[in-house]
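**Student:** how does the following fold in three dimensions:
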Amino acid sequence: MSEKTVVVALGHKALGTTLPEQKLATKEAAKAIADLVEEGTRVVISHSNGPQVGMIHTAMNEFGKAHPDYTFAPMSVCAAMSQGYIGYDLQNSIRSELLARGIYKPVATILTQVVIDPYDDAFGEPEKIIGRTLTSEEAEAEEDKGNYVTEVAEGQYRRILAAPQPQRIVELETVRALADAGQIVIAAGGGGIPVMEQGIDLHGASAIIEKDLASGLLAESLNADTLLILTSVEKVGLNHDTDHEELLDTVTPSDAARYIEEGQFTKGSMLPKIQAGLSFISKGEGRRTIITDIAHAREGYLEKTGTVLK
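**Tutor:** Purely as a prediction, here's the structure:
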């Protein structure tokens, strides 16, 4: 029997926020990945980068303010930097955990670009808050440059970016070749580096791709068997944060669509996970999406817990 392919989407809870937290968090994430390897799966990993890319964006732009001879770092460059340093910690933690279990599998991080549509409606309604707090004067300067800002407190503003739909993963064949060769691959970190095609060139975009949707696209494109989304809860709940919360075990596509219509899932949180899972299972036979937390990754994969869409 051939190995089953599982795309594992690690949420920010699996990565921590600060550099020391990330070091510790990736060790726990590595245990979950090693558990899946021991189950005989071919593993491809995607991950969040929310706190990390925000930190990089803030640091690079503060540096640009202090040193006028240097240009400010565009969002695409910050995304690339976050993929590199998260991948560095994650791949080393996974390598060490596998070797401790007597397993030798190479682990590689691929800087991954994801093509977006420059005419995506999201550019008219940006929603992702990013970067440091701005004064009213700085906010006006950002708007003069064509950027969007939002007021987060009285007299305090922050940049907001669009979250366009991912269209295509540029380095897909590289990811596929490494996975087929038995390597563990870390790809599409933070939703991927957002790029737009202009002829034969790729140009970075000032945007943030929703990482769950990019993970779903990665799983679809690789024809994976399972999309395993590791988040902050063991199971998805209806009527969340109420006395009538109902935890979900197995969910059909029709039920999931109905729950979305009812507004059961929070935009920017659980909603994109359900949307990514639905899209993935609808485009191939025998596929499933499992949503659970990192502590129950193996049990979720075995359908002993978690919420399963199939």
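**Student:** so what's the most centrally placed residue in the chain up against?
**Tutor:** A centroid search over the chain (C-alpha atoms, centre = their mean) returns K211, at 2.9 Å, as the residue closest to the centre. If you count contacts by C-beta atoms under 8 Å, 6 or more residues apart in numbering, K211 has them with A9, S46, H47, S48, N49, A188, G189, G190, G191. Bear in mind the C-beta positions are built from the backbone N, C-alpha and C, glycine included.
**Student:** now the residue nearest to it when sequence neighbours are not counted: how far from V7?
**Tutor:** Spatial nearest neighbour of K211, excluding adjacent residues (C-beta to C-beta, 6 or more residues apart in numbering): G191 at 4.1 Å. Using C-beta to C-beta, to the nearest Å, one gets 14 Å for the distance from G191 to V7.
**Student:** about what we covered before: the contacts of K211 in strands, which ones?
**Tutor:** Secondary structure from DSSP state E places A9, S46, H47 of the contacts of K211 in strands.
**Student:** which of those sits closest to E28?
**Tutor:** Of all the ones in strands among the contacts of K211, H47 has the smallest distance to E28: 13.2 Å, by C-beta to C-beta.
**Student:** for the closest one, which non-adjacent residue is closest in space?
**Tutor:** Nearest to H47 is L10, by C-beta to C-beta, 6+ apart, at 4.1 Å.
**Student:** so where's this protein shaky on pLDDT?
**Tutor:** 1-2 (pLDDT under 70).
**Student:** phi and psi next, for the residue nearest to the centre of the chain.
**Tutor:** phi -70, psi -30 (degrees, to the nearest 10).
**Student:** check Y85 too.
**Tutor:** The phi/psi pair for Y85 (degrees, to the nearest 10) is phi -80, psi -30.
**Student:** and the contacts of stretch 289-302?
**Tutor:** 6, 8, 10-11, 13-14, 28-29, 32-33, 35-36, 39, 41, 226-236, 273-274, 276-278, 280-281, 303, 305-310.
**Student:** any buried residues in it, and which?
**Tutor:** T289, I290, I291, T292, D293, I294, H296, A297, R298, G300, Y301 (16 or more other C-beta atoms under 10 Å).
**Student:** which of those residues fall within strands?
**Tutor:** Using DSSP E, those in strands are T289, I290, I291, T292, D293.
**Student:** would you mind giving the residues you listed as TSV with distance to I260 added?
**Tutor:** Formatted as TSV, these follow (distance: C-beta to C-beta, whole Å):
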residue	distance to I260
T289	14
I290	18
I291	14
T292	19
D293	22
